[in-house]
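In: could you look at this predicted model? Sequence included:
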Amino acid sequence: MYTVYDLDRDLETLKGQGAKVFTVGYSELGRPIKGVFKGATYGPQLLVQGCIHAREWVTAQLCVLLFERYLGKCGLWCVPMVNPDGAMLVQKGLDSVENAERRDFLYGINGGSDFSLWKANARAVDLNVNFPALWGTGRNNVDHPAPADYIGPYPLSESESRSLAQFTDKINPIYTVSYHARGRVIYYGFDGMNPDPDVVGIASSVTGYPAYTSHGSAGGYKDWFVLTKGRAGLTIEVGSDSTPYGELQKQLPSMLKENGGLLDALSRKAGE
Ligand SMILES: [Zn+2]
C-alpha cells in the first residue's frame with residue numbers, strides 16, 4: 001500500500017532534507033494535493049505527476065523515489081498523488097469515505113465494495129479525461145458517473161484536474177511527465193502534434209520502453225499540455241501488464257531501474 005499517510009511521511013522526510021513541500025489544491029473530499037520541489041527556480045522547470053488514476057497508486061510512490069534520485073539542474077516540481085480520494089478508496093475501501101451519502105453513491109456506481117479497479121475520483125469522474133483537449137471525443141469516453149472513463153459534466157469540472165491545470169499554468173514547465181500503470185510504454189503528442197520530438201526519443205532510449213502517439217485519446221492531462229502549451233508532454237505507463245494493480249509495488253525496483261535516469265536526462269535536454 002501507499003496511502004496519503006505514507007506520502008505525507010515521505011514528504012516530511014524530503015522537507016527535512018531541504019526540499020520544499022507545497023499544496024496545489026484540494027480534492028473533492030477536501031484532502032490536500034501535495035507536491036514537492038527542488039532545484040533552481042530560474043530557467044526551465046520540469047513537472048512530474050502521478051496517481052491521477054486511483055488504482056495506479058504505485059506511481060505516487062514511484063514519483064517520490066524518482067524525486068529523491070533526481071540530480072538535475074532544472075527545477076523539479078513533483079505532484080505524486082493527484083487523486084488522493086481515489087487512491088484511498090482503492091486501498092482502504094469505503095471506510096476511507098466519511099459521508100454516508102457519498103459512500104452509498106460510490107457503492108452503487110461501483111456495484112459493490114471491492115474498489116481495486118477504480119480509476120476515478122470520489123465523484124466518479126475519470127480525471128484524465130476531464131481536461132479541455134477535444135474533451136468528450138475519446139474512444140472510451142463515458143457520459144455518466146462510472147468507475148472509469150467518465151468525462152465529467154464539463155472540462156475541468158473536478159477540483160483535482162482544475163488544481164493541476166492551474167498549477168501547470170503557474171509554473172509553466174518546459175516538459176511534463178505523467179506516470180500511469182501499466183504496460184511499459186510511452187505515449188506522446190496529441191492530435192497530430194509532436195512538439196520537441198527529441199524528447200520522446202530520449203525518454204524511449206533511457207527507459208527502454210517503446211513510444212507511440214496517442215490514438216483515440218482525448219481530455220488527458222498530457223493531451224491538454226501538448227495542445228495548449230505546444231510543448232512535449234509524456235505519459236509513461238510502468239509495470240508489467242500481467243501484474244494485478246495491487247501487486248505492482250513489488251516491481252518498484254525495476255521501475256526505478258528503467259525510469260531512474262529519465263528526469264536527469266530531460267533536465268540536460270532542457271538546459272541545451
Ligand atoms: Zn492511468
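Out: Sure thing, it's come through. Residues are numbered from 1 along each chain as shown.
In: residue 247 - that's part of a helix, no?
Out: Yes. Counting by DSSP: H, G, I helix; E, B strand; the rest coil, residue 247 is part of a helix.
In: ok, it to residue 11 distance?
Out: 25 Å (CB to CB, to the nearest Å). To be clear about C-beta, it is placed using only N, CA and C from the backbone, and glycine gets the same treatment.
In: and residue 188, by the same measure?
Out: Separation of residue 188 from residue 11 (CB to CB): 29 Å.
In: excluding chain neighbours, what is closest to the residue in the stretch 101-250 of the chain that the ion sits nearest to?
Out: Residue of the stretch 101-250 of the chain nearest the ion, by CB to the ion: residue 180 (3.3 Å). Of all residues not flanking residue 180 in the chain, residue 237 sits nearest, at 5.0 Å (CB to CB, 6 or more residues apart in numbering).
In: which residues are in contact with that neighbour?
Out: 180, 181, 182, 183, 184, 185, 186, 187, 209 (CB atoms under 8 Å, 6 or more residues apart in numbering).
In: sort out which of those residues are in helices and list them.
Out: Among these, none falls in helices (DSSP state H).
In: buried subset of the residues you listed?
Out: Neighbour counting with 16 or more other CB atoms under 10 Å marks 180, 181, 182, 184, 185, 186, 187, 209 as buried within the contacts of residue 237.
In: for the ion, what are the nearby residues on this protein?
Out: When proximity is defined as CB under 5 Å from the ion, the chain approaches the ion at 53, 56, 180.
In: let me have these in CSV, extended by pLDDT.
Out: Output for these, formatted as CSV (pLDDT from 0 to 100):
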residue, pLDDT
53, 98
56, 98
180, 98
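In: just to revisit the earlier point, residue 247 and residue 11: who's more crowded?
Out: residue 11 (20 against 11; other CB atoms under 10 Å).
In: once you drop chain neighbours, what's closest to residue 32?
Out: residue 23 (4.6 Å).
In: residues touching the one you found, list them.
Out: 32, 33, 34, 35.
In: beta-bridge partners for residue 47, please?
Out: Listed beta-bridge partners, residue 47: residue 77, residue 176 (assigned using DSSP bridges).
In: surely it touches residue 75?
Out: No. If you go by CB atoms under 8 Å, residue 47 and residue 75 don't touch, sitting 9.3 Å apart.
In: look at residue 189 and say how many residues are nearby.
Out: 21.
In: ignore what I typed, I meant residue 39.
Out: Using other CB under 10 Å, residue 39 has 20 other residues around it.
In: and it, how far from residue 234?
Out: To residue 234, residue 39 is 19 Å away according to CB to CB.
In: same check on residue 263?
Out: From residue 263 across to residue 234, the span is 11 Å (CB to CB).
In: list residues touching both of the two?
Out: Contact criterion CB under 8 Å, 6+ apart; residues shared by residue 263 and residue 234: residue 177.
In: buried residues, stretch 93-112. List them.
Out: Neighbour-count burial for stretch 93-112 [16+ other CB under 10 Å]: 93, 96, 97, 102, 103, 105, 106, 109, 110.
In: turn these into a markdown table, columns for secondary structure.
Out: Putting those into a markdown table (three-state DSSP) gives the following:
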| residue | secondary structure |
| --- | --- |
| 93 | helix |
| 96 | helix |
| 97 | coil |
| 102 | helix |
| 103 | helix |
| 105 | helix |
| 106 | helix |
| 109 | helix |
| 110 | helix |
